[in-house]
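Novice: This is the structure alone, sequence omitted:
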Ligand SMILES: [Zn+2]
Ligand SMILES: [Zn+2]
């Protein structure tokens, strides 16, 4: 699935854990947010599929019940 830079709206280069924007000279990661409580979700990768877990609701969330956004990775 193609990801876009939130600043430039240009396609990001996939590079393993993160996505890279050349114009930003920065890496981005995918952040999932719970559709019920708004908390940041934990990403759990299993068997090639990725699941999202909400620590606040204490349950796994399906892709249709969450929102995702690209956030800059601070490697500082
Ligand atoms: Zn950019
Ligand atoms: Zn939640």
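Specialist: Sure, I can see it. Values in this document were obtained by computation on a predicted structure and should not be read as measured data. Ligands and ions are numbered 1, 2, ... in the order given.

Novice: Could you find the closest non-adjacent residue to the residue nearest the centre of the chain?
Specialist: By Cα atoms, centre = their mean, the chain has its centre lying nearest to residue 30, at 1.5 Å. Nearest residue to residue 30, sequence neighbours excluded (Cβ to Cβ, 6 or more residues apart in numbering): residue 68, at 5.6 Å. C-beta: built from backbone N, CA, C; applies to glycine.

Novice: residue ranges of the helices in this protein, please?
Specialist: In the chain, no segments count as helices under DSSP state H.

Novice: where do the strands sit along it?
Specialist: Secondary structure of the chain (DSSP state E): strands at 13-15, 18-21, 26-34, 42-46, 49-54, 59-61, 66-72.

Novice: got a markdown table for those, with distance to residue 5 too?
Specialist: Listed next are the strands of the chain as a markdown table, based on distance: least, Cβ to Cβ, whole Å:
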| stretch | distance to residue 5 |
| --- | --- |
| strand 13-15 | 10 |
| strand 18-21 | 4 |
| strand 26-34 | 7 |
| strand 42-46 | 20 |
| strand 49-54 | 21 |
| strand 59-61 | 25 |
| strand 66-72 | 7 |
